[in-house]
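Asks: mind folding the following:
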Amino acid sequence: MASGTETLDGVLSTFTKNNYFNVCLASHMGRWSLLFQKVEKKKSGILVLLSVQLHIEECQFLFSSVEVRSRGHCPRSGLMIAWMSSTIYLRMLKDSSPIELLPISSVHEHIRNSDRPGYYSDVIMHKDLGEKVKDFIDLRGSKWAYNCPESLSGHVITLSKMKETGENASFFGNVLYSGSHLDSIKMVIGKKVDAAAVDANCLAFFLERNSHLADEIKVLTSWGPLPPYPFVVNSKLDESVKSDIMKCLLNMHQDREGLKKLEEFHVRKFAPISADVYAKEQFMIERTKDLSFGTTYY
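Replies: Residues are numbered from 1 along each chain as shown. Here you go, the predicted model:
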């Protein structure tokens, strides 16, 4: 695998010559991202899902560079494809960044999902609270953790739900900033906090890899569906390439190897979406912009 930090023009010429992309892996879950096999202008390769740890079989992939970004960092202008949080997507639109939404996203396995793109925020608590906490309102006065002030599934959705029910920032007895969904989960398990809202997909991956801890957590409720993870390309990318990417994703579940990779990450398939779905998040951001918690940093 080659590496580099080419300019946009360099990436475009590189693609034209060698048929490969710069790719940004901007997964706000911090657990999984999309990687492309060789995608040619006239023939799409098989798309595969890998974890963000970049366990890559180099002989199968051709990239000019791969970049991993955490929440709060927007992809650089030279990147051609990005898998990012909806929060960063909305910010980039506001900044008039040269991006274009591919109108597709992932359909995830979740008990409440009705076979459409999007994801959920699971409100989790330690099992020891199961006897006295039956509903979210029963968490009044408890110790709460959240991963990031800009996180839709970890924070903004909580503020929005409180706004809906007429509650305010004094609802919780104490609020701790964890820094990530994964750390929020660990804080609940370790009884450093009573409860937290986390990305349901992150929770599923964690419990799959730590099945011995599954009994320590109880999902109190699930909020959603939330707007799906945006798949974004540079607006200068050739139309035929964008079309190939779309076809590759939409047909992935019909390919045996493709379906196997999807199932590894609890994804059923990719399906069409509309840019209008992100208006829901923008509405929640606007309605909660004056509401915040007094936070202790963990």
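
Asks: I'd assumed V233 was in contact with M80.
Replies: Yes - contact criterion C-beta atoms under 8 Å: M80 and V233 qualify, at 6.3 Å. Where C-beta positions appear, they are placed from N, C-alpha and C, glycine not excepted.

Asks: how many residues are close by F265?
Replies: For F265, the neighbour count with other C-beta atoms under 10 Å is 20.

Asks: break the chain into its domains for me.
Replies: Following the TED database, one finds the domains of the chain at 47-109+227-277, 119-225.

Asks: of all those domains, which one comes closest to F293?
Replies: domain 119-225 (4.1 Å; C-beta to C-beta).

Asks: can you check the distance spanned by that closest one, start to finish?
Replies: 5 Å (C-alpha to C-alpha, to the nearest Å).

Asks: now do it, average pLDDT.
Replies: Domain 119-225 comes out with an average pLDDT of 92.

Asks: just how off-centre is that domain within its chain?
Replies: Centre-to-centre, domain 119-225 and its host chain are 17 Å apart (C-alpha atoms, centre = their mean, to the nearest Å).

Asks: one more: stretch 117-132?
Replies: The answer for stretch 117-132 is 18 Å, by C-alpha atoms, centre = their mean.

Asks: report the buried residues of it.
Replies: 117-126, 129 (16 or more other C-beta atoms under 10 Å).

Asks: then stretch 280-295?
Replies: So, applying 16+ other C-beta under 10 Å, buried residues of stretch 280-295: 280-281, 284-285, 288, 293, 295.

Asks: ok, stretch 186-199 next?
Replies: Here stretch 186-199 shows 186-189, 192-199 as buried, counting by 16+ other C-beta under 10 Å.

Asks: and for I104, the neighbour number?
Replies: The tally of other residues near I104 (other C-beta under 10 Å) stands at 19.

Asks: surely it is in contact with N251?
Replies: No - judged on C-beta under 8 Å, I104 makes no contact with N251 at a distance of 11.0 Å.

Asks: state the distance from Y177 to M187.
Replies: 10 Å (C-beta to C-beta, to the nearest Å).

Asks: just K242 next, same as before
Replies: 41 Å.

Asks: before we move on, the earlier item: just put the buried residues of stretch 186-199 in CSV and tack on secondary structure and distance to F265.
Replies: Listed next are the buried residues of stretch 186-199 as CSV, based on DSSP: H, G, I helix; E, B strand; the rest coil; distance: C-beta to C-beta, whole Å:
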residue, secondary structure, distance to F265
K186, helix, 21
M187, helix, 24
V188, helix, 23
I189, helix, 22
K192, coil, 28
V193, coil, 27
D194, coil, 29
A195, strand, 26
A196, strand, 22
A197, strand, 21
V198, strand, 17
D199, strand, 13
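
Asks: L90: which of the residues you listed is nearest?
Replies: D199 (17.0 Å).

Asks: so which of the domains of the chain is the most surrounded?
Replies: domain 119-225 (a mean of 19; mean count of other C-beta atoms under 10 Å).

Asks: all helices for this structure, in order.
Replies: Assigned by DSSP state H, the chain shows helices spanning 8-18, 86-94, 157-164, 181-189, 200-209, 239-250, 256-264, 279-288.
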